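Colleague: Structural data only, the sequence is not supplied:
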């Protein structure tokens with residue numbers, strides 16, 4: 001059994017502005033159906049931060065966020081090639097990103113669009129996309145396993161891009177640093193809460209639904225059943241942010257309770273943990 005009282009999945013957003021319809025939070029507790037936290041509420045990122053800090057102190061909870069905790073580092077030895085003064089460990093890089101951003105509500109668009117514009121792909125005018133796209137060690141391992149991790153932290157265009165969410169997330173992690181364990185930059189503590197990186201496709205794949213977007217209660221409950229979870233009790237048709245959060249919370253619960261190597265995956269060397277992090281569920 002997992003030592004956590006609950007698993008919480010946060011479908012994150014890097015969008016500009018103060019409140020974000022793309023944020024959804026779901027909780028899976030004990031053997032109960034996963035549930036949405038304040039399903040009608042439009043969250044700000046600052047609100048999520050304050051809610052998490054308060055919640056983490058009340059009971060041992062495993063929190064998951066769907067953004068990259070750091071850009072690729074191991075392959076080239078630098079996050080932003082050729083830029084002097086840029087740190088080469090994740091937590092120092094979080095602080096660096098935070099100091100360079102003036103965006104409201106932990107946004108990081110200015111970091112991509114102005115401060116370090118040349119490192120990010122925004123469209124064909126920037127040249128060949130493959131020159132920008134690089135992956136971390138855990139992404140490469142997931143691809144080897146057929147998990148199809150296709151988005152890069154340097155790809156800033158299109159609906160599937162993760163750059164804006166990831167860099168705004170790094171500002172969140174900087175504010176959480178020292179308040180809750182941030183795995184794997186921090187070792188998993190023997191007690192208390194922890195924050196991990198998540199990727200919904202891992203759990204959809206475990207449910208036999210790889211590549212599928214769930215946009216109805218019926219489809220959601222098919223996935224939950226395959227993950228060993230009771231059906232969600234919703235009185236409305238969820239959007240895909242909400243289904244992602246619900247499925248991932250249930251998947252995290254199942255993985256934390258049943259997989260002995262969930263926090264000791266193959267390939268997670270100390271330099272990888274400190275520099276790039278790891279996605280919970282890549283084994």
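Modeller: That came through fine. Here the structure is a predicted model, which means the values were calculated and not measured. Numbering: from 1, shown residues only.

Colleague: Test for you: state the pLDDT assigned to the nearest residue to residue 132 once chain neighbours are set aside.
Modeller: Of all residues not flanking residue 132 in the chain, residue 121 sits nearest, at 3.9 Å (CB to CB, 6 or more residues apart in numbering). C-beta: built from backbone N, CA, C; applies to glycine. On the pLDDT scale, residue 121 is placed at 92.

Colleague: What's opposite residue 121 in the beta bridge?
Modeller: With DSSP bridges as the criterion, residue 121 is bridged to residue 155.

Colleague: Please tell me how far it sits from residue 154.
Modeller: 6 Å (CB to CB, to the nearest Å).

Colleague: Would you mind listing the residues touching both of the two?
Modeller: Common neighbours of residue 121 and residue 154 are listed as 132, 133 (criterion: CB atoms under 8 Å, 6 or more residues apart in numbering).

Colleague: Please, where are all the strands along the protein?
Modeller: 6-11, 24-29, 35-36, 61-65, 181-182, 194-197 (DSSP state E).

Colleague: just those: most buried one?
Modeller: A comparison of those by mean neighbour count, using mean count of other CB atoms under 10 Å, puts strand 6-11 on top with a mean of 27.

Colleague: which helices and strands does that one pack with?
Modeller: Applying 3 or more CB pairs under 8 Å, 6 or more residues apart in numbering; DSSP states H and E, we find strand 6-11 packed against strand 24-29, strand 61-65, helix 240-258.

Colleague: Now these in JSON lines, please, with extra columns for distance to residue 215 and mean pLDDT.
Modeller: Formatted as JSON lines, the helices and strands packed on strand 6-11 follow (distance: least, CB to CB, whole Å; pLDDT from 0 to 100):
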{"stretch": "strand 24-29", "distance to residue 215": "13", "mean pLDDT": "98"}
{"stretch": "strand 61-65", "distance to residue 215": "21", "mean pLDDT": "98"}
{"stretch": "helix 240-258", "distance to residue 215": "5", "mean pLDDT": "96"}
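
Colleague: Turn those into a markdown table, columns for distance to residue 148.
Modeller: As requested, these are exported to a markdown table (distance: least, CB to CB, whole Å):
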| stretch | distance to residue 148 |
| --- | --- |
| strand 24-29 | 22 |
| strand 61-65 | 19 |
| helix 240-258 | 16 |
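
Colleague: which one of these lies closest to residue 177?
Modeller: strand 61-65 (13.8 Å; CB to CB).

Colleague: starting at the chain centroid, how far to the closest one?
Modeller: Its chain's C-alpha centre and that of strand 61-65 lie 9 Å apart, by CA atoms, centre = their mean, to the nearest Å.

Colleague: ok, and what's touching it?
Modeller: For strand 61-65, using CB under 8 Å, 6+ apart, the contacting residues are 2, 4-10, 12, 52, 55-56, 169, 172, 180, 193-198, 248-249, 252, 256, 280.

Colleague: Let me see the contact set for the residue nearest in space to the middle of the chain.
Modeller: Centroid check for the chain by CA atoms, centre = their mean gives residue 66 as the closest residue, at 2.1 Å. Counting by CB under 8 Å, 6+ apart, residue 66 touches 9, 10, 11, 12, 165, 197, 198, 199, 200, 244, 248.

Colleague: Backbone dihedrals for the closest residue to residue 3 other than its chain neighbours, both of them.
Modeller: Nearest non-adjacent residue to residue 3, counting by CB to CB, 6+ apart: residue 60, 6.4 Å away. Main-chain dihedrals, residue 60, degrees, to the nearest 10: phi -70, psi 110.

Colleague: try residue 81
Modeller: Main-chain torsions, residue 81, degrees, to the nearest 10: phi -60, psi 130.

Colleague: Which residues are in contact with it?
Modeller: Neighbours of residue 81 in contact, by CB under 8 Å, 6+ apart: residue 119.
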